[in-house]
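Engineer: Need a 3D model of the following:
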Amino acid sequence: MNKATERLYNGIIKENPTFVLTLGMCPTLAVTTSAMNGLGMGLSTTFVLTLSNLLISALRKVIPNRVRIPSFIVIVASFVTILQLLLEAYLPSLNSALGVYIPLIVVNCIILGRAESFAYSNPVIPSLFDGLGMGLGFSFALTIIGAVRELVGSGKFFNITVMPASFTPISIFVLAPGAFFVLAFLTAIQNLIKEKMAAKGKDVSKIGSGCAQDCASCGDSACSKRFYDAEEKKEAPKVEKVEQPEKVEKKEEPVKTEKVEKPKKVEKTEKTEAADKVDDLDMISLDDDDDTLGSEAAKAALEIAEKEDE
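Structural biologist: Now for the predicted structure:
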């Protein structure tokens, strides 16, 4: 499968704007009261989407990054103006049926989304076929929704009566709630087909490969990365890291432990030895000041002892 065929298949089947990505819901629900209106709106969007992708891709190296969104809007608005003038000149009935939704193509999220996500970063030919594929997928979805609403709501198909006279139209399908009913019904059929394909072992992970995040709590996980600080990221020069010489680890020197000097043994003096002997004999040592008193007491004791002997 070459690049062009892949972009067509991607827009019609894998990333269908309506059934898979659920984008462009305003015209989808508002103008699909009949198959003709749905087809006309889809082809009008295809015209603008294809040419805007082509021109944006051709000017992607000229458009400054900081003003790319306003530039996209100016380019899209130019093609919408051309489209509206052509419809007024050659298809006035379709122009009056679509009404204000023709100018609103300028702010259609499908067109701005493909311009930002694909056309601004890819060559001209793939961008052309990407816009064509997305436009055909959008036209296919709107035509189916309009055909179902017209058939059930009025018994007609492209303004041709196909239901028998006994058929009673269900007018609610032509009104606004009918668009929600039909879209929900067709989306449920698509999910059922995907489940059956997955049960048979087929890879359906790429179907619906668009952003599945909740925009209200998206933060910085999806689309916002492309809108903020994108220029700084693209233009920032790459700074090569200078390899620093490896640090030589110093070997840790062993800590010198100081020797603890052992206490010297105290030599026993002669006085201490004599004192020990006196202690062993249970003798009372007297101080030097009491020597005289001791000698007198000893004499008195001897005299008393002699008297007792006599």
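Engineer: what about the stretch 151-300 of the chain, any weak spots by pLDDT?
Structural biologist: Scanning the stretch 151-300 of the chain with the threshold set as pLDDT under 70 gives 204-298.
Engineer: how does it look with 80?
Structural biologist: In the prediction, the stretch 151-300 of the chain carries residues with pLDDT under 80 at positions 202-300.
Engineer: give the contact list for the closest residue to Asn10 other than its chain neighbours.
Structural biologist: The spatially closest residue to Asn10, leaving aside those adjacent along the chain, is Gly133, at 5.9 Å (CB to CB, 6 or more residues apart in numbering). Backbone N, C-alpha and C define where each C-beta goes, glycine included. Residues in contact with Gly133 (CB atoms under 8 Å, 6 or more residues apart in numbering) are 7-12.
Engineer: Name the next helix or strand downstream of the helix or strand Gly133 falls within, please.
Structural biologist: Element membership for Gly133 (DSSP states H and E) is helix 124-154. Tracing the chain C-terminally past helix 124-154 and defining elements by DSSP H and E, one meets strand 156-157 next.
Engineer: before we move on, back to that, measure the residue nearest to Asn10 to Leu55 for me?
Structural biologist: When distances are taken as CB to CB, to the nearest Å, Gly133 and Leu55 turn out to be 17 Å apart.
Engineer: rewinding a little: in the helix holding Gly133, what's buried?
Structural biologist: Along helix 124-154, the positions that meet the burial threshold by neighbour count (16 or more other CB atoms under 10 Å) are 126-154.
Engineer: So the residue nearest to Asn10 versus Leu94, what's the distance?
Structural biologist: With distances taken as CB to CB, Gly133 is found 23 Å from Leu94.
Engineer: Ala188: neighbour count?
Structural biologist: Neighbouring residues of Ala188 were enumerated by other CB atoms under 10 Å; the total is 10.
Engineer: quick one: secondary structure of it?
Structural biologist: Of the three states, Ala188 takes helix under DSSP: H, G, I helix; E, B strand; the rest coil.
Engineer: if I look at it, how far off is Phe181?
Structural biologist: 11 Å.
Engineer: again, but for Cys109
Structural biologist: Between Cys109 and Phe181 the computed distance is 23 Å (CB to CB).
Engineer: All the strands of this structure, in order from the start?
Structural biologist: Defined through DSSP state E, the strands belonging to the chain, from first to last, are 156-157, 160-161.
Engineer: Turn those into CSV, including mean neighbour count and distance to Asn16.
Structural biologist: What follows is those, written out as CSV (neighbours: other CB atoms under 10 Å; distance: least, CB to CB, whole Å):
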stretch, mean neighbour count, distance to Asn16
strand 156-157, 17, 22
strand 160-161, 10, 27
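Engineer: Tell me which of the ones you listed lies nearest to Gly201.
Structural biologist: Nearest to Gly201, of all the strands of the chain, is strand 156-157, at 37.4 Å by CB to CB.
Engineer: contacting residues around the residue nearest to Ser44 when sequence neighbours are not counted?
Structural biologist: Counting by CB to CB, 6+ apart, Leu83 is the residue found nearest to Ser44 once chain neighbours are left out, at 5.8 Å. Contacts for Leu83 (CB under 8 Å, 6+ apart) come out as 44, 47-48, 102, 105.
Engineer: Nearest to Ala165 among those residues?
Structural biologist: Sorting these by how near they are to Ala165, with CB to CB, puts Ser44 at the top with 34.8 Å.
Engineer: What's the separation between that closest one and Met134?
Structural biologist: Per CB to CB, Ser44 is found 14 Å from Met134.
Engineer: and what of Ser171?
Structural biologist: With distances defined as CB to CB, the gap from Ser171 to Met134 amounts to 33 Å.
Engineer: What's the separation between the nearest residue to Ser34 once chain neighbours are set aside and Arg60?
Structural biologist: What sits nearest to Ser34 in space, not counting adjacent residues and going by CB to CB, 6+ apart, is Glu150, at 4.4 Å. As judged by CB to CB, Glu150 and Arg60 stand 41 Å apart.
Engineer: All set, thanks.
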